[in-house]
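Q: my questions concern the predicted model and sequence given below.
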Protein chains: 2
Amino acid sequence: MKVSKSERTRRTIVEAARKLFGEKGFDRTTVREIASAAEIDPALVIRYFGSKDQLFAQAAEFRLDLPDVTNVDRSRIGEALVQHYLAVWEGEAGTGGLPILLRSATSSETAAEQMREIFLRQVLPAVRAIKGGRGASRRAALVASQLLGVALCRYILKFPPMVAMPREMLVVEVGRTIQRYATGEDATEG
Amino acid sequence: MKVSKSERTRRTIVEAARKLFGEKGFDRTTVREIASAAEIDPALVIRYFGSKDQLFAQAAEFRLDLPDVTNVDRSRIGEALVQHYLAVWEGEAGTGGLPILLRSATSSETAAEQMREIFLRQVLPAVRAIKGGRGASRRAALVASQLLGVALCRYILKFPPMVAMPREMLVVEVGRTIQRYATGEDATEG
DNA sequence: GTCTATAATTCGATAGAC
DNA sequence: GTCTATCGAATTATAGAC
């Protein structure tokens, strides 16, 4: 077989860790729970990953995989971005990197640092590609604030109206905000 | 004297708890630390408040104290709201209720429930007062998502451009977003 | 009212048998 | 490569002296 047994065990551990870190955050997730969920011995978790922190770093690692916005209507870039993120977040069903990081970044400085990295390396360049200039970093920060705010209210805090809101409505409403932040201009419906 | 010694001790404990919960979240703050900061014995914390959870519930309690928007220009309601929140958040210097809740609500279900309560009892009625109708709860959720997103990026995650952004710029930029969400119409500069 | 001492758990991590 | 057994430290919470 192509993957060794130990490699399969590693993946099982990371999978269980993703699920639990994403549900309860770093602090409330124990190595013992992860091991139990993966149906292996707790000692193996440490043996494979060195420490709980290093396991978290691997479990929380993810790429934003920004959509290619060079081919979409310039007046619909905002909608395209929101559409993309919602699809990613809702597709990953709690196992994705963002919920994991978001749940832990409010109390873990290393997780917060990981989020700043993502902002700097992935969000900022994307916004800069849409429209460069001196205000790009500020516009990127505004974009991030709105997108993370939606993720927070919809997936973590679960505000009922935000959970119930259809995806298409979010795409339109939040899309206009993102459009204005990213391009620096208003999205006048056309 | 009007306040008993025990009452002063209680207040000292809550004050220290506010500071620490706001800085590190619920899980990473220990009763021992709180007691040490308050310069009293750890056992007293439990004696006065029963448990760490009950102490947190008291420390995180806060009112949004919404501004009276009945007297401001209808076209500047968004700006007024952002101005108000920024002033409150930045004035409280980490001792306010929102940073405390925000830091803990991502991993504590009871803290998340407390945030939903605040949304339901304070944000929703405020938005409804600006413009009622069937979509009020959705508009309130959008307002909350943007405001919480800003708080998250500026005070918790500390995205550099968001931290560096002058308050007045946030008031204008985010104000237009809030204006649109709250009133359902665009804020055309006049 | 305040403190000392400690109970009772639980945690991450390690050592070593198999 | 996997498990048993356990270490050492830290936690909340309690009991009881002063």
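A: Received the coordinates, thanks.
Q: apart from its neighbours in sequence, what residue is nearest the closest residue to chain B within chain A?
A: Among all residues of chain A, residue A:149 sits closest to chain B, at 2.2 Å; criterion: Cβ to the nearest Cβ. No exception for glycine: its C-beta is placed from N, CA and C like everyone else's. Of all residues not flanking residue A:149 in the chain, residue B:149 sits nearest, at 2.2 Å (Cβ to Cβ, 6 or more residues apart in numbering or on different chains).
Q: how close does the residue of chain A closest to chain B sit to DNA strand C?
A: 30 Å (Cβ to the nearest atom of the strand, to the nearest Å).
Q: quick one, what contacts the residue nearest to residue A:149?
A: Residues in contact with residue B:149, defined by Cβ atoms under 8 Å, 6 or more residues apart in numbering or on different chains, are A:144-150, A:152.
Q: ok, now residue A:16?
A: By Cβ under 8 Å, 6+ apart, the contact set of residue A:16 is A:34-35, A:37-38.
Q: how distant is whichever strand or helix holds residue A:57 from the center of its chain?
A: Element membership for residue A:57, per DSSP states H and E: helix A:52-60. With Cα atoms, centre = their mean, to the nearest Å as the basis, helix A:52-60 stands 15 Å off its chain's centre.
Q: is it up against DNA strand C anywhere?
A: Yes: counting by Cβ under 7 Å from any atom of the strand, DNA strand C has neighbours in helix A:52-60: A:52-53.
Q: can that helix be found next to chain B?
A: No: contact of helix A:52-60 with chain B is not found when judged by Cβ under 8 Å from any Cβ of the partner chain; the minimum separation is 13.1 Å.
Q: next structured bit after that helix?
A: Defined by DSSP H and E, the subsequent element after helix A:52-60 is helix A:77-91.
Q: same for the helix or strand that that next one is followed by, what does it pack against?
A: Proceeding N to C from helix A:77-91, the next assigned helix or strand is helix A:97-105, under DSSP H and E. If you count contacts as 3 or more Cβ pairs under 8 Å, 6 or more residues apart in numbering or on different chains; DSSP states H and E, helix A:97-105 packs onto helix A:5-28, helix A:52-60, helix A:77-91, helix A:109-118, helix A:136-151.
Q: name the nearest of the contacts of residue A:16 relative to DNA strand D.
A: residue A:35 (8.1 Å; Cβ to the nearest atom of the strand).
Q: check contacts around the closest residue to that closest one other than its chain neighbours.
A: Leaving out its chain neighbours, the residue that sits closest to residue A:35 by Cβ to Cβ, 6+ apart is residue A:42, at 4.0 Å. For residue A:42, the contact set (Cβ under 8 Å, 6+ apart) comprises A:31-32, A:35-36.
Q: where does residue A:42 land on pLDDT?
A: In the predicted model, residue A:42 carries a pLDDT score of 96.
Q: I'd like the distance between it and residue A:13.
A: Residue A:42 is 10 Å from residue A:13, where distance means Cβ to Cβ, to the nearest Å.
Q: tell me the contacts of the most centrally placed residue in chain A?
A: What sits nearest the mean C-alpha location of chain A, by Cα atoms, centre = their mean, is residue A:98, with 2.2 Å. By Cβ under 8 Å, 6+ apart, the residues touching residue A:98 are A:62, A:88-89, A:92, A:151.
Q: returning to that earlier point: could you give me the average pLDDT of the helix holding residue A:57?
A: 93.
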